[in-house]
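Visitor: sequence plus the predicted model coming up.
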Amino acid sequence: MRADIMKKLAKPMLFAAAIIWGTSFFIMKNTLDVMPVFSLLAVRFTAGAALLGVVCWNKWKQVTADYLWRGAVIGAFLFLAYTIQTFGLERTTPSKNAFLTAVYCVMVPFLYWAVMHRRPDRWNILAALLCVTGVGLVSLNGDLSVNVGDVLTLVAAGFYAAHIVAVEKTSQGKDIYLLTVFQFAFAALYAWVGTALWEQFPVQAIQDPAVFLPLGYLCVMATTVALLFQNVGQIWSDPASASIILSLESVFGVFFSVLCYGDKVTLPMGLGFVFIFVAVVCSETKFSFLRTKAK
């Protein structure tokens, strides 16, 4: 597809990915009631690899040996991020899980500093301070204790940030569609190993229509379509725009969780959400739109 067309489609694809992931938080929360974490991820990533592999059937002649290690690396980051986030979701609410996951947008500049030796500026520091404040308001309970699910979600956010940096590093000169297939395949392999070691696959559960339909949505939309949209959108969009659009995942996550799952949003939690969102905007735009209007 032509580069100019892809650039026009990049932001709508990122926006669509954010909406899809926003809906997936409460759907996955319900699915986890009957499916253990590794089994759920194994099914999701296996389906994603198979579906996208069929779609990319005419690209397989381009595959070279280095797709394997690239797919293994970014697949590992994706697997760890999804696994830890899913364990966190079991122990916290979908709305908190959604917003705390968005912290990865603030982490990305600091990971780029470590990997690419590009030092964050004062706006990144301000964003980090705003983010820490927001995380405290969202995660701390009345007795100043931190929910285990909140901590796991923050760790997952770090792996999501690492995943973004890894995709940027490994995708240069490679077909992003094929690379995504290998990413899914290795993430599925890691999940099946986890299933074999620590779980019993719920064969009866996935035959239940109440589980099968939500699981189908997670496999097709929240895994195959959304992650492909993210990878392609990242390549054809500038990093600031991509990150801020993807961060809307958390906004949609809270909206759909409150609307459909019945989560209660307290005043401190609401203020925390605002701080985190402002931190994301600060990190990715440096408030340039405000400075432009002031001139």
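Guide: Happy to help now that I have it.

Visitor: tell me what the single longest helix found in the chain is packed against?
Guide: In the chain, with assignment by DSSP state H, the single longest helix is helix 3-31. For helix 3-31, the packing partners by 3 or more CB pairs under 8 Å, 6 or more residues apart in numbering; DSSP states H and E come out as helix 66-91, helix 94-101, helix 209-217, helix 226-235, helix 239-256. (Each C-beta comes from the backbone N, C-alpha and C, glycine too.)

Visitor: identify each buried residue in that helix, please.
Guide: By 16 or more other CB atoms under 10 Å, the buried positions in helix 3-31 come out as 9-11, 13-29, 31.

Visitor: C-terminal to that helix, what's the next element?
Guide: Counting by DSSP states H and E, the next helix or strand C-terminal to helix 3-31 is helix 37-55.

Visitor: who are the packing partners of that next one?
Guide: helix 66-91, helix 176-198, helix 209-217.

Visitor: run the last query once more with 6 Å
Guide: Packing partners of helix 37-55 (3 or more CB pairs under 6 Å, 6 or more residues apart in numbering; DSSP states H and E): helix 66-91, helix 176-198.

Visitor: where does the stretch 101-250 of the chain dip in pLDDT?
Guide: For the stretch 101-250 of the chain, applying pLDDT under 70 flags the ranges 139-145, 238-241, 243-244.

Visitor: off-centre distance for the longest helix of the chain?
Guide: 10 Å (CA atoms, centre = their mean, to the nearest Å).

Visitor: state the mean pLDDT of that helix.
Guide: For helix 3-31, the mean per-residue pLDDT is 80.

Visitor: cool, and stretch 66-78?
Guide: According to the model, stretch 66-78 has a mean pLDDT of 95.

Visitor: JSON lines for the helices and strands packed on helix 37-55, including distance to Asn124 and mean neighbour count?
Guide: Formatted as JSON lines, the helices and strands packed on helix 37-55 follow (distance: least, CB to CB, whole Å; neighbours: other CB atoms under 10 Å):
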{"stretch": "helix 66-91", "distance to Asn124": "21", "mean neighbour count": "21"}
{"stretch": "helix 176-198", "distance to Asn124": "27", "mean neighbour count": "21"}
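
Visitor: between these, which one is nearest to Leu51?
Guide: helix 176-198 (8.8 Å; CB to CB).

Visitor: how far away is Leu213 from Ile27?
Guide: 10 Å (CB to CB, to the nearest Å).

Visitor: what's around Val146, how many residues?
Guide: The tally of other residues near Val146 (other CB atoms under 10 Å) stands at 13.

Visitor: which residues does stretch 148-165 contact?
Guide: Stretch 148-165 is contacted from outside by 77-78, 80-81, 84-85, 87-88, 91-92, 97, 100-101, 103-104, 107-108, 111, 115, 139, using CB atoms under 6 Å, 6 or more residues apart in numbering.

Visitor: I meant to write stretch 178-194 there.
Guide: With contacts defined as CB under 6 Å, 6+ apart, stretch 178-194 is touched by 38, 41-42, 45-46, 48-49, 52-53, 56, 59, 67, 71-72, 74-75, 78-79, 171, 228, 231.
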